[in-house]
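Chemist: Sequence unavailable; structure follows:
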């Protein structure tokens with residue numbers, strides 16, 4: 001099982017980044033994919049989640065609503081997080097994770113990609 005997160009980088013406040021999470025080794029159609037982030041000295045927090053291919057519902061933390069958009073490409077077994085109007089407080093390591101339908105626990109995690117928002 002692999003979840004490969006990429007797309008992080010350094011961006012100025014107000015800028016945009018698109019994170020990708022490419023997966024393999026499990027039945028992608030039956031898994032929800034979530035994005036999490038962890039800033040230095042802070043606990044990991046959930047950012048966004050998209051449900052399985054059957055439902056395709058999306059959820060967002062209040063702090064990113066209206067600025068971030070999650071999507072999934074079932075043909076590529078990938079999930080994307082489009083991040084717009086980035087703020088300094090969005091700076092963190094971003095991780096993607098997968099959980100199977102009907103379970104609340106995330107079973108598989110990617111390695112993380114650094115997002116730094118700074119002028």
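Modeler: Happy to help now that I have it. All figures in this text were calculated on a predicted structure; none of them were measured in a lab. Numbering: from 1, shown residues only.
Chemist: Residue 43: neighbouring residues, count only.
Modeler: 6 (other C-beta atoms under 10 Å). To be clear about C-beta, it is placed using only N, CA and C from the backbone, and glycine gets the same treatment.
Chemist: quick check, it in a strand?
Modeler: No: Residue 43 is assigned coil when assessed by DSSP: H, G, I helix; E, B strand; the rest coil, not a strand.
Chemist: partner residues bridging residue 98?
Modeler: For residue 98, the beta-bridge partners under DSSP bridges are residue 33, residue 108.
Chemist: hey, where'd the strands end up in this structure?
Modeler: In the chain, the segments counted as strands under DSSP state E are 2-6, 9-11, 17-24, 31-38, 45-50, 58-60, 68-73, 78-83, 92-100, 108-109, 113-117.
Chemist: Save those as a markdown table, and put in mean neighbour count and mean pLDDT too.
Modeler: Converted to a markdown table, the strands of the chain look like this (neighbours: other C-beta atoms under 10 Å; pLDDT from 0 to 100):
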| stretch | mean neighbour count | mean pLDDT |
| --- | --- | --- |
| strand 2-6 | 17 | 97 |
| strand 9-11 | 14 | 98 |
| strand 17-24 | 19 | 98 |
| strand 31-38 | 23 | 97 |
| strand 45-50 | 19 | 97 |
| strand 58-60 | 15 | 96 |
| strand 68-73 | 18 | 96 |
| strand 78-83 | 23 | 98 |
| strand 92-100 | 21 | 97 |
| strand 108-109 | 16 | 97 |
| strand 113-117 | 18 | 98 |
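Chemist: List the residues that contact the most centrally placed residue in the chain.
Modeler: Nearest to the geometric centre of the chain sits residue 35, at 2.7 Å (C-alpha atoms, centre = their mean). Counting by C-beta atoms under 8 Å, 6 or more residues apart in numbering, residue 35 touches 19, 21, 46-49, 70, 79, 81, 94-97.
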